[in-house]
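Enquirer: okay, here's the prediction I keep looking at, along with the sequence it came from:
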Amino acid sequence: MPKILVISQTHHLLPLAWRLKQEGNEVDVIVARDSFEPAWAGKFEKLLRGRKKRESQGPVAEAAKESEAIVLTDSTDWAKQFKGYERLFAMSANEPASPLPEVQLGAWFDGEGFMGAHLLVEDQGLWPGGMGPSVPGGMTMFVPQEMPEAWMRALGTLGDPLKSEGFRGLVRAGISLDPEAPLESEPQLLGYQAGWNFLQMHAFSGLLDSPNLTQLLEGFQPDLYHRFTVALPVTIAPWPLRGLRSEVSCNLNAKQVPIGLEAVKTGQVFLHDMMVRDGQIQTAGLDGLVAVVRWSGQGFGFVRHKALETAGMLQLPEAQYRLDVGAGVGQVLMMLEELGLTL
């Protein structure tokens, strides 16, 4: 099994680190931001902490390269140490800052081409109806029976810029769906993001069984055998004041409260703001992004119901999540069917 180094800016990549460890890998973890080092305490002993991280970036990078370790990071600062390294999975240096539209085309880029193509419908807004802070409140991933060739050609136009920077990993691009345009015509791409994109990462990696996540990183082609996946963040205050893409600088921490997982299938829950103390799982008192619930299946109604049911079964005081997750999916599916897409 390969050695794996996960360098997470906050707790964002720690669920993937745990998944990779469960697959039998030797996994080292570094949390780039000092204030988030308590995340996953009791499950991961951090390789470096505090000032030692900044002093040891170069030597750590060289040691990882010498051992041919697979490196996952969403830290742009740490990624600079691995420039040109072929076993690096990081964020694209050319990622546009503007948000993407509701409907997106996604895939895995292996450095040469795109595979595992899928569609994404994102719920923007923390509260039902898209109200409240403008952060992702949910995402539905849909794998049609056959992706239109014209859509894949449009996605393929991103290949050269991604290849030029040595990027490997998840990509999503906004697309414009015109009910009057035939499937044979290439859709307009409305910006793209490449890297460990929030919620797409959970939905996509949660589908991987054979091949598993380790094999995907080693070059195996992903097999997305479920048609629908719903990813639903479950949070507590003060999320998102210290959270994802927030422009607000806030020292207010989340509460440290128990997380009850007894009634849920833990394989369907990606924990984030958590730690283990005295054998009990609790929040680590960080930004309040406690978990992302993920369910997959062949019917949208089923997976949406199971995601909401699981979120409701989490024993978490003052939990926040969108009860209307996937509200726009039905309309998108209707439009795709009118276009002639084989669902």
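Expert: In hand now; what should we look at?
Enquirer: could I get the pLDDT score of the spatially closest residue to F300 that is not a sequence neighbour?
Expert: Using Cβ to Cβ, 6 or more residues apart in numbering and skipping residues adjacent in sequence, the residue nearest F300 is F228, 4.7 Å away. Every C-beta, even on glycine, is put in place using the N, C-alpha and C of the backbone. Listed pLDDT for F228 reads 97.
Enquirer: change the start of the numbering to 649 and stick with it
Expert: That works, and once the first residue is 649, the last one we named lands at F876.
Enquirer: surely F876 touches S944?
Expert: Yes - using Cβ atoms under 8 Å, F876 makes contact with S944 at a distance of 6.8 Å.
Enquirer: any residues in contact with both of the two?
Expert: Common neighbours of F876 and S944, counting by Cβ atoms under 8 Å, 6 or more residues apart in numbering, are V951.
Enquirer: residue boundaries of the strands in the protein?
Expert: Per DSSP state E, the chain carries strands over the ranges 651-656, 674-679, 718-721, 736-737, 751-757, 762-772, 784-790, 817-823, 837-842, 876-883, 917-919, 923-925, 928-930, 937-945.
Enquirer: save the ones you listed as a markdown table, and put in mean neighbour count and distance to L806 too.
Expert: A markdown table is the format used below for the strands of the chain (neighbours: other Cβ atoms under 10 Å; distance: least, Cβ to Cβ, whole Å):
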| stretch | mean neighbour count | distance to L806 |
| --- | --- | --- |
| strand 651-656 | 24 | 25 |
| strand 674-679 | 22 | 29 |
| strand 718-721 | 23 | 21 |
| strand 736-737 | 23 | 17 |
| strand 751-757 | 23 | 8 |
| strand 762-772 | 21 | 8 |
| strand 784-790 | 26 | 19 |
| strand 817-823 | 23 | 6 |
| strand 837-842 | 20 | 6 |
| strand 876-883 | 27 | 23 |
| strand 917-919 | 23 | 27 |
| strand 923-925 | 16 | 38 |
| strand 928-930 | 16 | 40 |
| strand 937-945 | 25 | 26 |
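Enquirer: JSON lines for these, including distance to L971?
Expert: Formatted as JSON lines, the strands of the chain follow (distance: least, Cβ to Cβ, whole Å):
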{"stretch": "strand 651-656", "distance to L971": "29"}
{"stretch": "strand 674-679", "distance to L971": "32"}
{"stretch": "strand 718-721", "distance to L971": "33"}
{"stretch": "strand 736-737", "distance to L971": "34"}
{"stretch": "strand 751-757", "distance to L971": "22"}
{"stretch": "strand 762-772", "distance to L971": "11"}
{"stretch": "strand 784-790", "distance to L971": "10"}
{"stretch": "strand 817-823", "distance to L971": "25"}
{"stretch": "strand 837-842", "distance to L971": "27"}
{"stretch": "strand 876-883", "distance to L971": "10"}
{"stretch": "strand 917-919", "distance to L971": "18"}
{"stretch": "strand 923-925", "distance to L971": "28"}
{"stretch": "strand 928-930", "distance to L971": "25"}
{"stretch": "strand 937-945", "distance to L971": "13"}
